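**Q** Output the structure for:
(chains A and B)
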There are 2 protein chains.
Amino acid sequence: MELESYIVGFTDGEGCFSVSFSKRNKMKMGIEVRPSFSVSQHLRNKKILRRFRRFFKCGSIRFSRRDQTYKYEVRSTSELVDKVIPHFKKYPLQTSKAQSFRKLCEICRIIQQGNHLSPKGMKKVILLSEEVNKTGLKKYDRKKLLKLIAR
Amino acid sequence: MELESYIVGFTDGEGCFSVSFSKRNKMKMGIEVRPSFSVSQHLRNKKILRRFRRFFKCGSIRFSRRDQTYKYEVRSTSELVDKVIPHFKKYPLQTSKAQSFRKLCEICRIIQQGNHLSPKGMKKVILLSEEVNKTGLKKYDRKKLLKLIAR
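**A** Here you go, the predicted structure:
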């Protein structure tokens, strides 16, 4: 079996690209943006999550109380950029997750260039994030976020 | 990308091996057993289901009203045996679905040999099916099924 392609298939089936926001009064824009890549599985399949961690040489596995599953997660922008994104550029996703992935790439680029530290850049991140998180923003909606950066 | 490995990854993430039973008074054992392999996706990813159909050269895609998703499904035992099972024997599943798959193979063998037409064989199929359908039998539980074949 070719692990590179297996990883893409598994991700198309069960992986998740997402962007979350937290209110952080001490940060320049008042909010922190965190892009991430994750794969969740029941305890019985924790082994495959370790395989992901070994494969990407980054990320961590934690128990998600909310979903009662284990979650492999890469939350560091530089690790996303250096280790995760190149793989999915070389071996493209075949489902609608390819679109989420592309938007996540754009967000990571904005963050790496420091453009999320201006209202204009952060606004772009917020709008792009709605296309990454197809099921909607979790904690804050667009309106709340835009209000926070407009203070 | 290597499609063979991609298919295994996607199946480990999102595929499903299952066995369903229907009451059929006219059949020898009074029940019909139907093993199947399926993959479900939202409408936006119907394309990948067609890819599965082309890859396995069998099966069909239908809309599942219950889950509001599209489902690629192989329900013919001979197609499972000739087309689906050989692939996953050559490229093994890496999660707990490998166990479901192995039990499904045993059930298909029993059916192909016609042994499910005896109470002893059908009982074995019923017990094995509990290990295929990890979330439990759907319509009939073990007790009901065993009662039906004991008439």
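**Q** all strands of chain A, in order?
**A** The residue ranges that make up the strands of chain A, judged by DSSP state E, are A:15-23, A:31-41, A:60-64, A:69-74.
**Q** Near chain B, which residues of chain A are found?
**A** A:1-15, A:39, A:41-42, A:44-45, A:47-48, A:51, A:91-92, A:94-96 (C-beta under 8 Å from any C-beta of the partner chain). Every C-beta, even on glycine, is put in place using the N, C-alpha and C of the backbone.
**Q** Helices - which of these land there?
**A** Judged by DSSP state H, the subset of the residues of chain A next to chain B located in helices is A:3-14, A:47-48, A:51.
**Q** one step back: let's see the ChimeraX selection covering just the buried ones among the residues of chain A next to chain B.
**A** Typed into ChimeraX, the line below selects the buried ones among these, using 16 or more other C-beta atoms under 10 Å in any protein chain shown:
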select /A:2,4,5,6,7,8,9,10,11,12,13,14,15,39,41,45,48,51,91,94,95,96
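**Q** now residue A:61: how far from chain B?
**A** Counting by C-beta to the nearest C-beta, to the nearest Å, the separation of residue A:61 from chain B is 15 Å.
**Q** and the closest residue in space to residue A:10 that isn't next to it in sequence, what is it in contact with?
**A** Distances taken as C-beta to C-beta, 6 or more residues apart in numbering or on different chains place residue B:9 nearest to residue A:10, at 3.8 Å, with adjacent residues excluded. Neighbouring residues of residue B:9 by C-beta atoms under 8 Å, 6 or more residues apart in numbering or on different chains: A:5-13.
**Q** Residue A:150 too?
**A** When the contact criterion is C-beta under 8 Å, 6+ apart, the partners of residue A:150 are residue A:119.
**Q** now do 10 Å
**A** Contacts for residue A:150 were tallied using C-beta atoms under 10 Å, 6 or more residues apart in numbering or on different chains; they are A:29-30, A:119, A:122-123.
**Q** Going by neighbour count, which of those are buried?
**A** The neighbour-count test (16+ other C-beta under 10 Å) marks A:29-30, A:122-123 as buried among these.
**Q** Between all of these, which two are at the greatest distance?
**A** For those, the maximum inter-member distance is 12.7 Å, found between A:30 and A:123 (C-beta to C-beta).
**Q** coming back round to it: please tabulate the strands of chain A in CSV and include mean pLDDT as additional columns.
**A** Output for the strands of chain A, formatted as CSV (pLDDT from 0 to 100):
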stretch, mean pLDDT
strand A:15-23, 93
strand A:31-41, 96
strand A:60-64, 95
strand A:69-74, 97
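**Q** Show me what the helix or strand of chain A with the lowest mean pLDDT is packed up against.
**A** Taking all helices and strands of chain A together, the one with the lowest average confidence (mean pLDDT, DSSP states H and E) is helix A:142-149, at a mean of 84. Using 3 or more C-beta pairs under 10 Å, 6 or more residues apart in numbering or on different chains; DSSP states H and E as the contact definition, the elements that helix A:142-149 packs against are strand A:15-23, strand A:31-41, helix A:119-132.
**Q** Kindly calculate the angle that the first one makes with strand A:69-74.
**A** Angle, strand A:15-23 to strand A:69-74, by axes from the mean of the first three to the mean of the last three C-alpha atoms, to 10 degrees: 80 degrees.
**Q** Helix A:142-149 and strand A:15-23, what's the angle between them?
**A** Angle of strand A:15-23 versus helix A:142-149, following the same axes, to 10 degrees, is 50 degrees.
**Q** Next, the buried residues of strand A:15-23.
**A** By neighbour count on 16+ other C-beta under 10 Å, the buried set for strand A:15-23 is A:15-21.
**Q** now, among the residues you listed, which is nearest to chain B?
**A** Lowest distance from chain B to the buried residues of strand A:15-23 (C-beta to the nearest C-beta) belongs to residue A:15, with 7.3 Å.
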